[in-house]
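Peer 1: Here is my input; please provide its structure:
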Amino acid sequence: MYKVLSRSHTFLCNQPHLDYTKKYELNAYIAAHKPDVVMLNETWLNKSINSREIIEDPSYDIFRSDRSQSTHPADPDNPKKFRKFGGGVLIAVKSDIDAKIKRVSVRKGAEMVAIETTIGKNKFVFCTVYRVGTLGETNHDSIMNSIKSFYRGKNLRNIFVAGDLNLSSVTWPLDNTNLTSLSRIDRLFVDSFDELGLQQLISSPTHLKGKTLDVFLTNSGQLASDITVHSGQLLCKSDHFLITCKIKANKKTKRCPRRRIYNFKKANWAQLNEDISNVPWYSLIDTREAESAWQNFKIVIHSLIDKHIPQITIQDSFSPPWFDSDCFAAHRKKIRAHTKFKETKTASSELAWISSRKNFKNLCCEKMRDNLYNTGDPALITKKFWSHVKSNAKSHRLPECMHRQETYRSSPLEKAELFNKHFHDQFTGPSSYNIDIDWTNDQQFEVNFNPARIANLLRNVNPNKASGPDGIDGKILKNCATSLAEPLSLLFKLSYNSGDVPKDWRTANVVPVFKKKKKKK
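Peer 2: I've put the predicted structure just below:
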């Protein structure tokens, strides 16, 4: 089942700036309802605005067509009426749907964008189109020729066309009595819809003035259900209403992996430090081999961590890292205020809705700002900043297929082995030196592993860095610096005096960082 959202007159960009209130409201609605397909009209975007600035959830593939001379030529009879930064259409479809998704080409002279999704043997075409009401037959021909091209091929495509065609003289549903009152251009569109077997699924008003200006056309009406026109400004401020529906399809979704992590916000640091300090470390570490002592240390530390720091199960969701439960609560409060205003139509309820909308925007701005600037991260460009960039980017750290010399690999394990072989080949074999070493003055090389110095180093650890193979997070090292300094001092001294380095200390998690040239090589 596809969940489809269509909205006209979105006005995401108030040239030359984005309308951040509408942007936050759109992303909040998408995060809350998770539609499979989003179709927007009159976005008012231009090429200087990245698609990820509009819909921040990277699990959506975004296809858009901004206004240009080719999509919306100026009227030769009235060239001054051309709005350079108006119009524009956009479709976003969830990439976690187990389906083939591709963009479908359309004719010039029309503001429209279309995609095709293939699930098994079934093909679905989703198209959104915006038409200025003053345009004539040339624009009609461009739109209808593009829609006719969707019918090509042996297999039947289930076609769904949504948008604002500004057919102001058309009253839906159509009958013989109201056909005579149609304007010439509106009659052309109605006849073309009939020729192609396209059925209008909307009969209620989609505009504040009580007109049905938006269309939701399909040649497969039996697949559509729960078609709803949400009167009012449910999604964001606009004179057009939000339209939602469900489309029957054998859709399968790729599931995001779940994992357990520590919830450091609810950690009992005081009790954890006290329990670490009360452990008899001398008996556990001082008289043992370095590897055995280190394993003993890890077992005790991990058991105390599990005791005082709760764990939570998370799913690798694709929502922006700053969009948390507080933003969701503010969004729900705004929706409730809007619903009350629709019911009561009083001045006080309208003011409450406007106030809640403003508070939602301010909270989102504050959350995004706090997410980018982290005082606990000493790096010039913080880890949270890169997390935000990653959430807005479409690229992946590693491409799906990689090759080295003539070897091609695609699975994660095989790609890791390919990197391992590459890194291994950069080093030569171990050297063998027959040198007589004089140990008579060995005491001069004694190192003082002072717990106070170790504690000072631990306090300066960057807590945002990933943990190593030992699984001990940087936040634990920083917050338990004093209590951990004593056992670590014993471990360092034991390892230094015995010449034995624990295996974990000789192991590292290596992450390849792309520099230049081609990523696949």
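Peer 1: any idea how far I435 lies from S220?
Peer 2: I435 sits 83 Å away from S220, going by CB to CB, to the nearest Å. Bear in mind the C-beta positions are built from the backbone N, C-alpha and C, glycine included.
Peer 1: Comparing the two, which residue is more hemmed in?
Peer 2: S220 (18 against 4; other CB atoms under 10 Å).
Peer 1: Skip the chain neighbours and tell me the closest residue to the more buried one.
Peer 2: Spatial nearest neighbour of S220, excluding adjacent residues (CB to CB, 6 or more residues apart in numbering): N158 at 4.1 Å.
Peer 1: For the one helix or strand that neighbour maps to, which helices and strands make contact with it?
Peer 2: Assigned by DSSP states H and E, N158 falls within strand 157-164. Contacts defined by 3 or more CB pairs under 8 Å, 6 or more residues apart in numbering; DSSP states H and E place strand 157-164 against strand 2-7, strand 37-41, strand 122-130, strand 214-218, strand 242-247.
Peer 1: So for P205, what's the nearest residue that isn't a sequence neighbour?
Peer 2: Once flanking residues are discounted, P205 sits nearest to T212: 5.6 Å by CB to CB, 6+ apart.
Peer 1: helix/strand/coil for the one you found?
Peer 2: coil (DSSP: H, G, I helix; E, B strand; the rest coil).
Peer 1: From K34, how far off is the residue most central in space within the chain?
Peer 2: The residue lying closest to the centre of the chain (CA atoms, centre = their mean) is D57, at 2.3 Å. Note on D57: its distance to K34, by CB to CB, is 9 Å.
Peer 1: any idea which of the helices and strands packed on strand 157-164 is most buried?
Peer 2: Comparing the helices and strands packed on strand 157-164 by mean neighbour count (mean count of other CB atoms under 10 Å), strand 37-41 comes out on top with a mean of 27.
Peer 1: Need the pLDDT of the residue nearest to P205.
Peer 2: At T212, the model reports a pLDDT of 85.
Peer 1: Then L208?
Peer 2: For L208, the model assigns a pLDDT of 80.
Peer 1: wait, doesn't it sit right on K237?
Peer 2: No - counting by CB atoms under 8 Å, L208 does not reach K237; the two are 10.9 Å apart.
Peer 1: Show me what the helix or strand encompassing F297 is packed up against.
Peer 2: Assigned by DSSP H and E, F297 belongs to helix 290-308. Counting contacts by 3+ CB pairs under 8 Å, 6+ apart, helix 290-308 packs against helix 269-277, helix 481-498.
Peer 1: Please point out which parts of that helix sit buried.
Peer 2: 290-291, 293-294, 296-297, 300-301, 304-305, 308 (16 or more other CB atoms under 10 Å).
Peer 1: Export these as CSV, with columns for pLDDT and distance to L418.
Peer 2: Converted to CSV, these look like this (pLDDT from 0 to 100; distance: CB to CB, whole Å):
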residue, pLDDT, distance to L418
A290, 89, 34
E291, 91, 31
A293, 91, 36
W294, 93, 31
N296, 91, 37
F297, 93, 35
V300, 93, 38
I301, 94, 35
L304, 95, 39
I305, 94, 35
H308, 95, 41
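Peer 1: Out of those residues, which is nearest to K148?
Peer 2: Taking CB to CB as the measure, K148 lies nearest I305 of those, at 64.7 Å.
Peer 1: Can you give me every residue that contacts the closest one?
Peer 2: Residues in contact with I305 (CB atoms under 8 Å, 6 or more residues apart in numbering) are 262, 272, 472, 476.
Peer 1: now do A337
Peer 2: Here A337 is in contact with 349, 352-353, 355-357 (CB under 8 Å, 6+ apart).
Peer 1: Show me which residues of the host helix or strand of it are buried.
Peer 2: Applying DSSP H and E as the criterion places A337 in helix 325-344. Across helix 325-344, burial judged by 16+ other CB under 10 Å covers 327, 330-331, 333-335, 337-338, 340-341.
Peer 1: just the CA coordinates of that helix, formatted as PDB?
Peer 2: What follows is helix 325-344 as a C-alpha-only set of coordinates in PDB (Å, rounded to 0.1, in the frame of the first residue of the first chain):
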ATOM      1  CA  SER A 325      10.800  14.400  20.800                       C
ATOM      2  CA  ASP A 326      10.600  18.100  21.800                       C
ATOM      3  CA  CYS A 327      10.100  19.000  18.100                       C
ATOM      4  CA  PHE A 328       7.400  16.300  17.700                       C
ATOM      5  CA  ALA A 329       5.600  17.600  20.800                       C
ATOM      6  CA  ALA A 330       5.600  21.200  19.500                       C
ATOM      7  CA  HIS A 331       4.400  20.000  16.100                       C
ATOM      8  CA  ARG A 332       1.500  18.100  17.700                       C
ATOM      9  CA  LYS A 333       0.600  21.100  19.800                       C
ATOM     10  CA  LYS A 334       0.500  23.200  16.600                       C
ATOM     11  CA  ILE A 335      -1.800  20.700  14.900                       C
ATOM     12  CA  ARG A 336      -4.200  20.700  17.900                       C
ATOM     13  CA  ALA A 337      -4.300  24.500  17.900                       C
ATOM     14  CA  HIS A 338      -5.100  24.500  14.200                       C
ATOM     15  CA  THR A 339      -7.800  21.900  14.700                       C
ATOM     16  CA  LYS A 340      -9.400  24.000  17.400                       C
ATOM     17  CA  PHE A 341      -9.200  27.100  15.200                       C
ATOM     18  CA  LYS A 342     -11.000  25.300  12.400                       C
ATOM     19  CA  GLU A 343     -13.800  24.300  14.800                       C
ATOM     20  CA  THR A 344     -14.300  27.500  16.700                       C
END
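Peer 1: can you give me the angle the strand holding N158 makes with strand 37-41?
Peer 2: Between strand 157-164 and strand 37-41, the angle comes out at 40 degrees (axes from the mean of the first three to the mean of the last three CA atoms, to 10 degrees).
Peer 1: what's the angle between strand 157-164 and strand 122-130?
Peer 2: 20 degrees.
Peer 1: contacting residues around strand 157-164?
Peer 2: Here strand 157-164 has contacts from 4, 6, 8-9, 39, 41-42, 89, 112, 116, 122-131, 147, 150-151, 198, 213-220, 223-224, 240, 243, 247, using CB under 8 Å, 6+ apart.
Peer 1: how about 6 Å then?
Peer 2: With contact meaning CB atoms under 6 Å, 6 or more residues apart in numbering, strand 157-164 is reached by 6, 8, 39, 41, 123-130, 150, 213-214, 216-220.
Peer 1: cool, and stretch 201-221?
Peer 2: Residues contacting stretch 201-221 (CB under 6 Å, 6+ apart): 8, 158-162, 164-166, 172-173, 197-200, 224, 227, 229, 239-241.
Peer 1: Over to stretch 99-116?
Peer 2: With CB under 6 Å, 6+ apart as the test, stretch 99-116 has contacts from 63, 65, 70-72, 87, 89, 91, 93, 117-119, 125-127, 129-130, 142-143, 145-146.
Peer 1: Thanks a lot, catch you later.
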